[in-house]
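using only what follows, build the 3D model:
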Amino acid sequence: MKSLRGLISQSALMLMAGLLLVFSALVYVGGDALLSRFVDSRLLRLAETLAKIFEQHPNIIESSGEDYALSGEVSRGKKEQHELQDVTHSLRVFSPDGRLVWKAPNTVAQQPVTDQVLEQVRLGNTVFETVESADGKPVRHLFISIPRQGQVRYVLQAETSLLLYRETLKDLVILLTIGSGTILLGAWVGSGWLAKKVLAPIGVLSTGAETMSEADLGERLTLRLTLDSPYQEFLRLTRSFNSVMDRFQRSVESQRRFVDHAAHELRTPLTILQGNLEVALLKARTSEEYRETLINNLAQVGRLITLTRSLLTLAKFTSDKPPVQLVPLALEPLLQELVEELTILFDERQIKLSLESQSVPPVLGDAQWLKQALMNLLDNALRYTPSGGAVTVHLQAVGEGVAVAVEDTGHGIEPEHLPHLFERFYRTDWARAKDAGGTGLGLPIVKEIAEAHGGTISVTSQVDKGSVFTLRLPVPPHLTDPA
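Next up is the predicted model:
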């Protein structure tokens, strides 16, 4: 497996190599173009100067029967002559038909001028060409016309050696190669140092994370901005990791409490079952006594079944995907059906159950689970509302959602218990004394169902006046738009 440090160094080296290659190619091409332009411009300037001289003084050519060095008017310009000696290799003058009529003293033997070049010059064009000399050296030729009375009288050939030009390009390649190699070496060393410095905080975080265990869930990673890392991104990574650890710790502690409470709640009915059976087996008993023991055990089995069902329900909702199927759902018919089903139970306790509803839009919900949540709230109200009391279900639109409130006239809940009502297995002392059959899981199940629907559950209460549990559900915008 590749290391991040090696990947950073390799990527930086490859990037630098690519940039240097492109840069070197551009420098070489640009240098070649500039040198070529410089050589051609010098050669052209010299040829134009000589062409004017020959045009004004044609006797220089016509009076020379043999190799003739520039003198008189030609040698009049010493600066031009000096440039000619430095730049050119030779000068030759041809007739329009390609016959050599004059050449400078330092001119070496050359191949005759081609017809294509003569034709271009006769048409008034300036012709450049690069050829190899007899000794294999590169030379640059320039052909330009020498007019007379509007006609091409002669063809001037100026020639310069390209050895300096080629050597300059070769030196440029060597310089670029050495420079690029030096830069690549520096980039390789620098990228390794930079990768080590940048990744040092990751090593610190990795070491800290590897040493953590279940017993160290309270520990958190620390990264000092000025000492361990000067980069804010690693501090953000540290905070994010610590935030994940906070949530993980809360989850683990919640699971521990859940397991402890579940074990405690399961142990009580199992202990009672075991005690009843042991007492029944101590001596022979009448059929009535056995029947009473079986009835007591059956009640404990029912409590175990209820507790197990509640635990299974919570387990379903604490998974990654809660078991709800959200579809457009009208709440008013659901509440009316629920109130009708439970009215008989409330009448037996002489408690008035009623529904007060307003026109509300449909919500996205699962009818089965919402009905379960509302039944838990109504069962809670039934348990803790005395005879002669009243339980009212309110349905109304609130803001961008819908609220279902279950209001009772029961004992009420002390303020210190309100923040903990939706914790698993949490029960007030008054509730435990009032109803020993409760499990403390009804309200947590309501909370899980509400959150699975994107809603919330809240409670307000006053002692000796009653409580109000409010289930709020959001309404999607497309369900509120008129058809």
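
which strands or helices does the helix or strand harbouring Phe128 pack on?
Element membership for Phe128, per DSSP states H and E: strand 127-132. Other elements packing on strand 127-132 under the criterion 3 or more C-beta pairs under 8 Å, 6 or more residues apart in numbering; DSSP states H and E are helix 115-122, strand 138-148. To be clear about C-beta, it is placed using only N, CA and C from the backbone, and glycine gets the same treatment.

looking at these, which is closest to Leu15?
strand 138-148 (37.2 Å; C-beta to C-beta).

pull the distance from that closest one to the chain's centre.
64 Å (C-alpha atoms, centre = their mean, to the nearest Å).

quick one, longest helix in the chain?
Longest helix in the chain, counting residues (DSSP state H): helix 4-56.

and the angle from that helix to strand 127-132?
Here helix 4-56 runs at an angle of 120 degrees relative to strand 127-132 (axes from the mean of the first three to the mean of the last three C-alpha atoms, to 10 degrees).

paired strands for the strand holding Phe128, with orientation please.
strand 138-148 (antiparallel) (DSSP bridges).

is Ser251 in a helix, a strand, or coil?
helix (DSSP: H, G, I helix; E, B strand; the rest coil).

ok, the one 5 residues further on next?
Arg256 falls in the helix class when you classify it by three-state DSSP.

same thing with Val468?
Val468, by the three-state scheme (three-state DSSP), is strand.

for Val279, what are its contacts?
With contact set as C-beta atoms under 8 Å, 6 or more residues apart in numbering, Val279 has these partners: Thr293.

same question, the one 10 residues further on
When the contact criterion is C-beta under 8 Å, 6+ apart, the partners of Glu289 are Ala280.

quick check: it vs Gly302, distance?
In this structure, Glu289 and Gly302 are 21 Å apart, going by C-beta to C-beta, to the nearest Å.

ok, now Val360?
Counting by C-beta to C-beta, the separation of Val360 from Gly302 is 37 Å.

tell me which of the two has more neighbours.
Neighbours were counted for Val360 and for Gly302 using other C-beta atoms under 10 Å; Val360 has more, 20 against 12.

give me the element that one is part of.
Applying DSSP H and E, one finds Val360 in no helix or strand.

isn't it up against Leu329?
No: at 11.2 Å, Val360 does not count as touching Leu329 under the criterion of C-beta atoms under 8 Å.

touching both of the two, which residues are there?
Contacts common to Val360 and Leu329, judged by C-beta under 8 Å, 6+ apart, are absent.

near the spatially closest residue to Leu20 that is not a sequence neighbour, how many other residues are there?
Distances taken as C-beta to C-beta, 6 or more residues apart in numbering put Ser180 closest to Leu20, at 4.4 Å, once the chain neighbours are dropped. The tally of other residues near Ser180 (other C-beta under 10 Å) stands at 17.

again with the one 4 residues further on
Applying other C-beta under 10 Å, we find 14 other residues in the vicinity of Leu184.

could you do the one 5 residues further on as well?
A total of 11 residues lie near Val189 under the criterion other C-beta under 10 Å.

in the chain, which spans are strands?
Secondary structure of the chain, counting by DSSP state E: strands at 88-94, 100-103, 127-132, 138-148, 151-161, 327-329, 352-357, 363-365, 390-398, 401-408, 456-462, 466-474.

now the longest helix of the chain: mean pLDDT?
What helix 4-56 shows for mean pLDDT is 88.

same deal with stretch 384-398?
93.

so how far is that stretch off the chain centroid?
With C-alpha atoms, centre = their mean as the basis, stretch 384-398 stands 51 Å off its chain's centre.

now stretch 332-345
With C-alpha atoms, centre = their mean, you get 51 Å for stretch 332-345.

same check, this time on stretch 196-208
Distance, centroid of stretch 196-208 to centroid of chain: 21 Å (C-alpha atoms, centre = their mean).

per-residue confidence averaged over that stretch?
pLDDT averaged over stretch 196-208 gives 73.

pop the domain breakdown of the protein in here.
4-168, 232-317, 327-480 (automatic domain parsing).

so can I have CSV of the ones you listed showing distance to Trp188?
As requested, the domains of the chain are exported to CSV (distance: least, C-beta to C-beta, whole Å):
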stretch, distance to Trp188
domain 4-168, 5
domain 232-317, 24
domain 327-480, 55
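
which one of the ones you listed has the most crowded surroundings?
Each of the domains of the chain was scored by mean neighbour count; the highest is domain 327-480, a mean of 17, by mean count of other C-beta atoms under 10 Å.

show me the contacts for the spatially closest residue to Asp464 that is not a sequence neighbour.
Take Asp464 and drop its neighbours on the chain: the residue closest to it by C-beta to C-beta, 6+ apart is Gly412, 5.6 Å away. Taking C-beta under 8 Å, 6+ apart, we find Gly412 in contact with Ser461, Gln462, Val463, Asp464, Lys465, Gly466, Ser467.

swap in Leu345?
Applying C-beta under 8 Å, 6+ apart to Leu345 gives the contacts Leu382.

with the one 3 residues further on instead?
With contact taken as C-beta under 8 Å, 6+ apart, Glu348 is in contact with no other residue.

pLDDT score for it?
Note for Glu348: predicted pLDDT of 92.

quick check: the gap between it and Leu342.
From Glu348 to Leu342 the distance is 11 Å (C-beta to C-beta).

ok, now Ser191?
Taken as C-beta to C-beta, the span from Ser191 to Leu342 is 73 Å.

just put the strands of the chain in TSV and tack on distance to Leu20.
Formatted as TSV, the strands of the chain follow (distance: least, C-beta to C-beta, whole Å):
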stretch	distance to Leu20
strand 88-94	37
strand 100-103	48
strand 127-132	30
strand 138-148	29
strand 151-161	32
strand 327-329	63
strand 352-357	77
strand 363-365	60
strand 390-398	67
strand 401-408	63
strand 456-462	61
strand 466-474	59
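
where does pLDDT dip in the stretch 201-350 of the chain?
By pLDDT under 70, the low-scoring segments of the stretch 201-350 of the chain are 204, 208, 210-231, 233, 254, 261, 264-265, 319-320.

so what's the closest residue to Thr456 other than its chain neighbours bridging to?
Nearest residue to Thr456 in three dimensions, chain neighbours excluded: Arg472, at 5.0 Å (C-beta to C-beta, 6+ apart). Beta bridges link Arg472 to Ala403, Thr456 when assigned by DSSP bridges.

ok, back up a step: can you say which of the domains of the chain is nearest to Leu176?
Leu176 sits nearest to domain 4-168 of all the domains of the chain, at 4.4 Å, using C-beta to C-beta.

just the terminal-to-terminal distance for that closest one.
Terminal residues of domain 4-168 lie 43 Å apart, using C-alpha to C-alpha, to the nearest Å.

likewise for stretch 409-423?
So stretch 409-423: terminal residues 23 Å apart, C-alpha to C-alpha.
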